[in-house]
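Trainee: quick one: sequence plus predicted model below, questions after.
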Amino acid sequence: MSFNPSSTFLFILAGIIILFVICQSLFFLVRAYKRGKTLGMDMAKIRQTIISTAVFTFAPAVSILLGVITLSKFLGLPLPWLRLSVIGAITYELPAATTTANALHVVLSETVTDPKVYTAIAWVMTLGIFPGLIWVPLFIRKIQGGLMKIKDKDSKWGDIMMTALFLGMISAFLGMVFADIRSGLKGWIPIFILLFSALLMGICGLLIKKCNLKWLENYALPISMLGAMVFAVFLTPLIGG
Amino acid sequence: MKIQNYSYEDRTHLFGRIWILTALVLIFSFPIAACIYYDAWPGFTPVLKGLLGVAPIFWTVGLIEVLTFVPMLGTAGSYLAFVTGNLTNLKVPAALTAMENMNVKPGTEEGEVVSTIAIATSSIVTTVIIAIGVALLVPLTPILNSPVLKPAFDNILPSLFGGLAVVYVSKNWKISIAPLVFMVVLFLIAPSLSSSVGVLVPVGALIAIGGARILYKKGKL
């Protein structure tokens, strides 16, 4: 049988799994929404949150789609579509495909035609990331139990610790932006974009506080992110990146 | 114990486990079905060779991500986000921003609701956009791959984290100083580390928690 990495069979297979994940998301969305009602939460504000999250998601989702396109040149469409819609990220899938292709002495610039190479890559991608799905059910209660203990003992410290946890994550990504500055002005582009995004967020904050534009609260992050991306389009050719 | 007697939290764990373990089976079904359908089992050695290059780091990062993100995402959010992936660049910022806007804290019942709603919404929107993109790949590819738009997508992380930094760093600048200075210096000394930023997330978290503890003990927080 001749092998086509974009065959109908593989599309159907990937489609079924992706459909399952949409069902899982819908299940938890509806359940959480109902729970919010039971808890007497402000449902109008929750509906606003749904809309603003959808708006915020747009740009990163298109960026993920670019990852699908990148991988599809080598792997066809179904496998990258599946891997980047479910569980994976381009930062995992590209190295997994690259190391397997290198091990099998196959070049990534051409579409894979050997089904054994294709299945080897599919296995490495699957086996490379699947433990995450086991760690969650295995450790979630222990992690949450530990956090509850800390909060019960000292609730203020519990809150501070949670904030510190997130700030640690932000710091790693903020630090990463400085990685290329030794390569000259070109290396400063990500910093200028970061600062522009921060500036837009600051302006949104001022408008929310001074002009009482409460609705902007939900859209400040998408505005600063998309604004900074547009800024990148103009800045990069100007600096010569 | 009967399911009717389970608390909401217990039922979330039960449903979460059912969904996540079914997802695990389905994820494995892709390579298995492909091997059977094309009669193309790759053999142990090629898979092991490929796996050796990525598994040590991916499995470690996977464990670190669970330890770091579960406290932020909550129960249902974690069961969902780890299936749908793209955590640091999408699900975690989406959940935390939604909680910030709704003025609820992670780890509370309200925080659990908001985080789950944000992650579920983000997952659905992402899946739909990717599906539309795949369906319209031929007309979309030249637009998305155009050199004009390339800088925008190359800089999605600074665009995202610049805004987030203003919200969180400005409110908690005392806690932020130590991990920020450490990370900036580290990346200046070793720029190549940017390819393994995921491993550095818990390092940043530990420095932030350690610094915060000292400040808290001194009564400065």
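Mentor: Sure, I can see it. Numbers count the residues shown, from 1 in each chain, chains lettered A, B, ... in the order given.
Trainee: which positions within the helix ranked longest in chain A qualify as buried?
Mentor: Scanning chain A for the longest helix, with DSSP state H as the assignment, gives helix A:43-75. For helix A:43-75, a neighbour-count test (16 or more other CB atoms under 10 Å in any protein chain shown) marks A:46, A:48-50, A:52-57, A:59-72, A:74-75 as buried. Quick note: C-beta positions are derived from backbone N, CA and C, even for glycine.
Trainee: so does the host helix or strand of B:Ala118 get close to chain A?
Mentor: Using DSSP states H and E, B:Ala118 falls within helix B:109-135. Yes: with CB under 8 Å from any CB of the partner chain as the measure, helix B:109-135 is seen reaching chain A through B:109-110, B:112-114, B:116-131, B:133-134.
Trainee: buried only: go through those residues for me.
Mentor: By 16+ other CB under 10 Å, these give B:110, B:112-114, B:116-131, B:133-134 as buried.
Trainee: does stretch A:190-208 come close to chain B?
Mentor: Yes: using CB under 8 Å from any CB, stretch A:190-208 comes into contact with chain B via A:Pro190, A:Ile191, A:Ile193, A:Leu194, A:Leu195, A:Phe196, A:Ser197, A:Ala198, A:Leu200, A:Met201, A:Gly202, A:Gly205.
Trainee: cool, and stretch A:115-127?
Mentor: Yes: applying CB under 8 Å from any CB, one finds stretch A:115-127 touching chain B at A:Pro115, A:Lys116, A:Val117, A:Tyr118, A:Thr119, A:Ala120, A:Ile121, A:Ala122, A:Trp123, A:Val124, A:Thr126, A:Leu127.
Trainee: show me which of those residues is closest to B:Thr22.
Mentor: Distances from B:Thr22 to the residues of stretch A:115-127 next to chain B, taken as CB to CB, are shortest for A:Thr126 (15.2 Å).
Trainee: isn't that closest one right up against B:Ala33?
Mentor: No: contact criterion CB atoms under 8 Å: A:Thr126 and B:Ala33 do not qualify, at 11.7 Å.
Trainee: distance from the following helix or strand past the helix holding B:Ala118 to the middle of the chain?
Mentor: Using DSSP H and E, the helix or strand that follows helix B:109-135 towards the C-terminus is helix B:137-144. On the basis of CA atoms, centre = their mean, to the nearest Å, helix B:137-144 sits 27 Å off its chain's mean C-alpha point.
Trainee: against which helices or strands is helix B:137-144 packed?
Mentor: helix A:43-75 (3 or more CB pairs under 8 Å, 6 or more residues apart in numbering or on different chains; DSSP states H and E).
Trainee: is the helix it packs on up against chain B anywhere?
Mentor: Yes: counting by CB under 8 Å from any CB, chain B has neighbours in helix A:43-75: A:45-46, A:49-50, A:52-54, A:56-66, A:68-69, A:72.
Trainee: now the buried members of the residues of stretch A:190-208 next to chain B.
Mentor: A:Pro190, A:Ile191, A:Ile193, A:Leu194, A:Leu195, A:Phe196, A:Ser197, A:Ala198, A:Leu200, A:Met201, A:Gly202, A:Gly205.
Trainee: can you tell me which two in those residues are farthest apart?
Mentor: Put simply, by CB to CB the two of those set farthest apart are A:Pro190 and A:Gly205, 22.3 Å from each other.
Trainee: A:Thr126 and B:Ala33: which has the busier surroundings?
Mentor: Neighbour count, other CB atoms under 10 Å in any protein chain shown: between A:Thr126 and B:Ala33, A:Thr126 has more, with 23 against 17.
Trainee: show the contacting residues for the more buried one.
Mentor: Taking CB atoms under 8 Å, 6 or more residues apart in numbering or on different chains, we find A:Thr126 in contact with B:Ile27, B:Phe28, B:Phe30, B:Pro31.
Trainee: and the buried ones among those residues, selectable in ChimeraX?
Mentor: Here is the ChimeraX selection string for the buried members of the contacts of A:Thr126, based on 16+ other CB under 10 Å:
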select /B:27,30,31
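Trainee: among the contacts of A:Thr126, which are in reach of chain A?
Mentor: Subset of those in contact with chain A: B:Ile27, B:Phe28, B:Phe30, B:Pro31, counting by CB under 8 Å from any CB.
Trainee: among the residues you listed, which ones are in helices?
Mentor: Among the ones next to chain A among the contacts of A:Thr126, DSSP H puts B:Ile27, B:Phe28, B:Phe30, B:Pro31 in helices.
Trainee: give me the neighbour count for residue 100.
Mentor: Looking at chain A here, since you left the chain open. Neighbours of A:Thr100 (other CB under 10 Å): 27.
Trainee: let's do chain B instead
Mentor: The local packing of B:Glu100 (other CB under 10 Å) involves 18 other residues.
Trainee: name the element it belongs to?
Mentor: Element membership for B:Glu100 (DSSP H and E) is helix B:92-102.
Trainee: now for that helix, which elements pack on it?
Mentor: Packed against helix B:92-102 by the contact rule (3+ CB pairs under 8 Å, 6+ apart) you find helix A:43-75, helix A:155-176, helix B:44-73, helix B:75-84, helix B:109-135, helix B:156-171.
Trainee: so how far is the first one off the chain centroid?
Mentor: Taking the mean C-alpha point of helix A:43-75 and that of its whole chain, the gap between them comes to 8 Å (CA atoms, centre = their mean).
Trainee: next SSE after it?
Mentor: helix A:78-85.
Trainee: neighbouring contacts of that following helix?
Mentor: By CB under 8 Å, 6+ apart, helix A:78-85 touches A:5-7, A:10-11, A:13-14, A:17-18, A:21, A:64-65, A:67-68, A:70-72, A:90, A:93, A:118, A:121-122, A:125, B:30, B:84-86, B:126-127, B:130-131, B:134.
Trainee: what mean pLDDT would you report for it?
Mentor: Across helix A:78-85, pLDDT averages out at 94.
Trainee: show me which positions of whatever helix or strand comes next after it end up buried.
Mentor: Using DSSP H and E, the helix or strand that directly follows helix A:78-85 along the chain is helix A:90-103. Using 16+ other CB under 10 Å as the test for burial, helix A:90-103 gives A:90-101, A:103.
Trainee: distance from helix A:90-103 to the middle of the chain?
Mentor: With CA atoms, centre = their mean, you get 18 Å for helix A:90-103.
Trainee: for the nearest residue in space to B:Leu193 that is not next to it in sequence, what are its contacts?
Mentor: Nearest residue to B:Leu193, sequence neighbours excluded (CB to CB, 6 or more residues apart in numbering or on different chains): B:Phe187, at 6.2 Å. The contact partners of B:Phe187, by CB under 8 Å, 6+ apart, come to A:Gly175, A:Met176, A:Val177, A:Phe178, A:Ala179, B:Leu193, B:Ser194.
Trainee: of all those residues, which comes closest to B:Glu65?
Mentor: A:Met176 (16.5 Å).
Trainee: any weak-confidence spans in chain B?
Mentor: Along chain B, the parts satisfying pLDDT under 70 run over B:1.
Trainee: recalculate using a threshold of 80.
Mentor: B:1-4, B:57, B:195-199 (pLDDT under 80).
Trainee: can you name the residues that contact the most centrally placed residue in chain B?
Mentor: The residue lying closest to the centre of chain B (CA atoms, centre = their mean) is B:Leu87, at 1.4 Å. For B:Leu87, the contacting residues are A:Ala89, B:Glu65, B:Phe69, B:Ala81, by CB under 8 Å, 6+ apart.
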